[in-house]
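Asker: Here is my input; please provide its structure:
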Amino acid sequence: MGVPFEALLPYAIMTGFFAFSAVSLGKLKEMQNGGKRSRRGVDHWDQVVMERDRRLTGFMRGQTDKPFAPPGFELNNPWRCEDRFI
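Answerer: Prediction:
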């Protein structure tokens, strides 16, 4: 005896919603990264460089080819020194 298709509709709807949410979240992450894929395995150096890129361009993954920094960037240093060295 076959399984009526009405019994499989809830599973199809749940699978469809899971697929829709996965695609939506992936697209949202891609939009937040400026149209690039999200990065995995980011170490401390990559975080520092991405923070620098964010301060230069406004995007974590943005890059610029301008030879000079924008005004005020020379005093905006992410590296912090101890008070005794200042």
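
Asker: all helices of the chain, in order?
Answerer: 5-32, 44-57 (DSSP state H).

Asker: burial of Gly35, as a residue count?
Answerer: For Gly35, the count of nearby residues is 9 (other Cβ atoms under 10 Å). Every residue, glycine included, has its C-beta placed from N, CA and C.

Asker: What separation do you get for it and Leu28?
Answerer: Counting by Cβ to Cβ, to the nearest Å, the separation of Gly35 from Leu28 is 12 Å.

Asker: Phe20 too?
Answerer: Using Cβ to Cβ, we find Phe20 at a distance of 12 Å from Leu28.

Asker: now what about stretch 29-46, what contacts it?
Answerer: Here stretch 29-46 makes contact (Cβ atoms under 8 Å, 6 or more residues apart in numbering) with Met50, Phe59, Met60, Arg61, Gly62.

Asker: so what's Gly34 closest to, chain neighbours aside?
Answerer: Residue nearest to Gly34 in three dimensions, not counting chain neighbours: Phe59, with 4.4 Å by Cβ to Cβ, 6 or more residues apart in numbering.

Asker: Next up, the contacts around that neighbour.
Answerer: Neighbour list for Phe59: Asn33, Gly34, Asp53 [criterion: Cβ under 8 Å, 6+ apart].

Asker: Return the members of those classed as buried.
Answerer: Asn33, Asp53 (16 or more other Cβ atoms under 10 Å).

Asker: need the contact list for the closest residue to Pro70 other than its chain neighbours.
Answerer: If the residues on either side of it in the chain are set aside, Pro70 comes closest to Leu56, at 7.1 Å by Cβ to Cβ, 6+ apart. If you count contacts by Cβ under 8 Å, 6+ apart, Leu56 has them with Gly62, Thr64, Ala69, Pro70, Phe73.

Asker: Can you report how many residues lie near the second one?
Answerer: It refers to Thr64. Other residues within reach of Thr64 by the criterion other Cβ under 10 Å amount to 10.
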